[in-house]
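Chemist: sequence? don't have it. structure:
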């Protein structure tokens with residue numbers, strides 16, 4: 001797959017992040033297919049209808065079907081990677097045509113969700129918000 005990608009002209013590429021997931025998306029000429037880490041997006045996200053609907057969002061809003069997306073995803077879990085893929089695809093579409101920015105912004109697809117896991121706090125017994133139990137006597 002990587003050799004094939006080097007031969008194909010890449011229209012746009014962008015990075016998306018969410019929690020600890022980092023995604024690089026590349027738009028290439030095609031018919032609207034999404035490939036994540038060498039697998040079709042349907043298989044990679046376990047045929048989850050909600051995930052697939054969210055993944056199709058940027059293309060539906062921008063009314064674009066002439067690009068395929070090749071995605072490399074690292075870190076995190078399914079939810080974080082899915083949100084990072086949506087952000088990366090949205091950024092790619094904006095790079096291609098600036099007119100896509102307004103509708104994608106209105107749907108919140110260009111906003112990076114900055115919430116990350118809270119670090120472990122000292123004196124909490126191994127958790128970030130838990131307090132140690134007070135002695136009874």
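Modeler: Cool, got the structure. Remember, predicted model here, so these are calculated numbers, not experimental data.
Chemist: Give the buried residues for the longest helix seen in the chain.
Modeler: Criterion DSSP state H: the longest helix present in the chain is helix 78-96. Within helix 78-96, the residues scored as buried using 16 or more other Cβ atoms under 10 Å are 80-94. For every residue, glycine as well, the C-beta is placed using N, CA and C.
Chemist: cool, and stretch 64-82?
Modeler: For stretch 64-82, burial by neighbour count (16+ other Cβ under 10 Å) applies to 64, 67-73, 76, 80-82.
Chemist: residues in contact with that stretch?
Modeler: With Cβ atoms under 8 Å, 6 or more residues apart in numbering as the test, stretch 64-82 has contacts from 1, 5, 11, 18-37, 41, 45-46, 48, 51, 54-55, 59, 84-85, 88-89, 92-93, 96, 100.
Chemist: ChimeraX command to pick out the buried ones of the residues you listed?
Modeler: Buried residues among these (16+ other Cβ under 10 Å), as a ChimeraX selection:
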select :11,18,19,21,22,23,24,25,26,27,28,34,35,36,41,45,51,54,55,59,84,85,88,89,92,93,100
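Chemist: re earlier: can you tell me which of the buried residues of helix 78-96 is closest to residue 124?
Modeler: Ranked by distance to residue 124 (Cβ to Cβ), the buried residues of helix 78-96 are led by residue 80 at 24.2 Å.
Chemist: Surely residue 55 is in a helix?
Modeler: Yes: Residue 55 forms part of a helix when assessed by DSSP: H, G, I helix; E, B strand; the rest coil.
Chemist: Output the lowest mean pLDDT helix or strand found in this structure.
Modeler: Least confident helix or strand of the chain, by mean pLDDT, DSSP states H and E, is helix 2-7 with a mean of 60.
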